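**Q** Got a sequence here, can you model it:
(one chain, ligands or ions: 1)
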Amino acid sequence: MAKYELKTRNSDETSQFAERLAAFLQPGDVIALEGDLGAGKTTFTKGLAKGLSIKRTVNSPTFTIIKEYQGRLPLFHMDVYRVADSLEDLGFDEYFEGNGVTVVEWAHLIEEQLPGDLLTIYLYHEAEGQRKIVLDPKGPRYEQLCKEIFQ
Ligand SMILES: Nc1ncnc2c1ncn2[C@@H]1O[C@H](COP(=O)(O)OP(=O)(O)OP(=O)(O)O)[C@@H](O)[C@H]1O
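**A** Numbering: from 1, shown residues only. Now for the predicted structure:
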């Protein structure tokens, strides 16, 4: 299936893209966010939170695994890097099937537990200040979402 991509020239552009994407999100949407250290995952998630009208400051949930924020929709921000056993069931389903938007950092580490349909977003460090953002939608809901964002 088609992948969608864009380039950003600074962190504001990454944040602004995420903010725009947030306007299209619905309850139960799941975004897997992939990218190396410093690629911009937190920058992206902060932009998404702004787009969901979340007032609280969004920080990396590395040590807590899941953080929850209230906005136009609830945001469940997960960082599963420290989930030792990828098969350990920590009840992620409740979030994926819940009434909010879930963003999962390092999602491939819990691949078996992810929903089949989701939007994977890859952040690539291209050059100082520059990032490539690739959207890889799985399932009709996310195909449609990408079409709307990029039309
Ligand atoms: N185009 C860009 N998009 C996003 N961030 C950028 C960009 N250009 C430079 N940056 C900078 O890169 C850094 C990205 O850090 P950020 O914490 O968002 O990454 P991360 O993927 O969450 O890293 P970590 O996994 O270490 O938490 C920030 O300092 C940001 O200002």
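**Q** residues from the protein in reach of the ligand?
**A** Residues of the chain lying close to the ligand by C-beta under 6 Å from any ligand atom are 8, 10-11, 13-14, 35, 37-43, 60, 129-131. Yep, even glycine has a C-beta here, placed from its N, CA and C like the rest.
**Q** From those, list just the buried residues.
**A** Buried members of the residues of the chain next to the ligand, scored by 16 or more other C-beta atoms under 10 Å, are 8, 11, 13-14, 35, 39-43, 131.
**Q** Please convert those to TSV, extending it with secondary structure and pLDDT.
**A** Listed next are these as TSV, based on DSSP: H, G, I helix; E, B strand; the rest coil; pLDDT from 0 to 100:
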residue	secondary structure	pLDDT
8	strand	98
11	helix	97
13	helix	98
14	helix	98
35	strand	95
39	coil	94
40	coil	95
41	helix	95
42	helix	94
43	helix	96
131	strand	98
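**Q** Format those as JSON lines; extra columns: distance to residue 122.
**A** Converted to JSON lines, these look like this (distance: C-beta to C-beta, whole Å):
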{"residue": "8", "distance to residue 122": "13"}
{"residue": "11", "distance to residue 122": "17"}
{"residue": "13", "distance to residue 122": "16"}
{"residue": "14", "distance to residue 122": "12"}
{"residue": "35", "distance to residue 122": "6"}
{"residue": "39", "distance to residue 122": "9"}
{"residue": "40", "distance to residue 122": "11"}
{"residue": "41", "distance to residue 122": "10"}
{"residue": "42", "distance to residue 122": "15"}
{"residue": "43", "distance to residue 122": "14"}
{"residue": "131", "distance to residue 122": "10"}
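**Q** In this protein, mark out all the strands, start to finish.
**A** For the chain, the strands defined by DSSP state E occupy 4-8, 30-35, 66-69, 75-79, 101-105, 118-127, 130-138.
**Q** can you list the weak-confidence ranges in the protein?
**A** Scanning the chain for pLDDT under 70 picks out 1, 84-89.
**Q** Tell me who's in contact with residue 21.
**A** Contact analysis of residue 21 by C-beta atoms under 8 Å, 6 or more residues apart in numbering lists 48, 51, 149.
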